[in-house]
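next comes the sequence, and after it the predicted model I'd like to discuss.
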Amino acid sequence: VIEDELHDIVAGRLREGGHRYTAMRRRLIETLRTADRPMSVPDLVRGRRSPPQSSAYRNLGVLERSGLVRRVLTDEGLARYELTEELTEHHHHLICVRCGRIEDVAIPPGLERSIGRTLDVVGTEAGFATVSHRLDLIGRCRACVLGPVRE
Ligand SMILES: [Zn+2]
Ligand SMILES: [Zn+2]
């Protein structure tokens, strides 16, 4: 989705729900659009003239309920947010249990299709109509594998 189109989709979706596309919401969407990984609220409000975190959480809640933003689940207390796949593309995450870093990772198309088929079988056997999947890898990131041991 290209930038202008993305903002149009977001504005339209918010309008349907009776919400306005405020400067704050636009700023959150824009930050998430240019980020290459899911962002926490402290990441999102970093910098000059930043809105308070409470306001960021409230607005992310509206964006989340409107199906524009989703939370990436981690074991950490801090939620990380990203645009939904409808606005970006299907991908997975690498979640480091040591430093908490999360990276987006795309699986090559052939492999992705084969994962999809496998998961469809799992769903079908459970009488479940699968429409998509979420799959994250948990482990240690490159820096934590190679870096000095920290405790
Ligand atoms: Zn790490
Ligand atoms: Zn996938």
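Received it, and whenever you're ready, just let me know what you need. Residues are numbered from 1 along each chain as shown. Ligands and ions are numbered 1, 2, ... in the order given.

can you list the residues of this structure near ligand 1?
Cys96, Arg98, Cys99, Arg101, Cys141, Cys144 (C-beta under 5 Å from the ion). Yep, even glycine has a C-beta here, placed from its N, CA and C like the rest.

next, count neighbours for the spatially closest residue to the first one that is not a sequence neighbour.
So the one you mean is Cys96. Of all residues not flanking Cys96 in the chain, Cys141 sits nearest, at 3.8 Å (C-beta to C-beta, 6 or more residues apart in numbering). Using other C-beta atoms under 10 Å, Cys141 has 18 neighbouring residues.

any idea where the helices of the protein begin and end?
Using DSSP state H, the helices of the chain run over 3-16, 23-34, 41-44, 53-65, 109-125, 142-146.

would you single out the least confident of the ones you listed?
Lowest mean pLDDT of those: helix 41-44, a mean of 90.

for that one, buried residues please.
Residues of helix 41-44 classed as buried: Val41, Leu44 (neighbour count, 16 or more other C-beta atoms under 10 Å).

next one: stretch 27-36
Counting neighbours by 16+ other C-beta under 10 Å, the buried set in stretch 27-36 is Arg27, Leu28, Ile29, Thr31, Leu32, Arg33, Ala35.

can you tell me how far the residue minimising distance to the centre of the chain sits from Ala129?
The centre of the chain sits closest to Glu82, judged by C-alpha atoms, centre = their mean, with a distance of 2.6 Å. Noted for Glu82: a distance of 25 Å to Ala129, by C-beta to C-beta, to the nearest Å.
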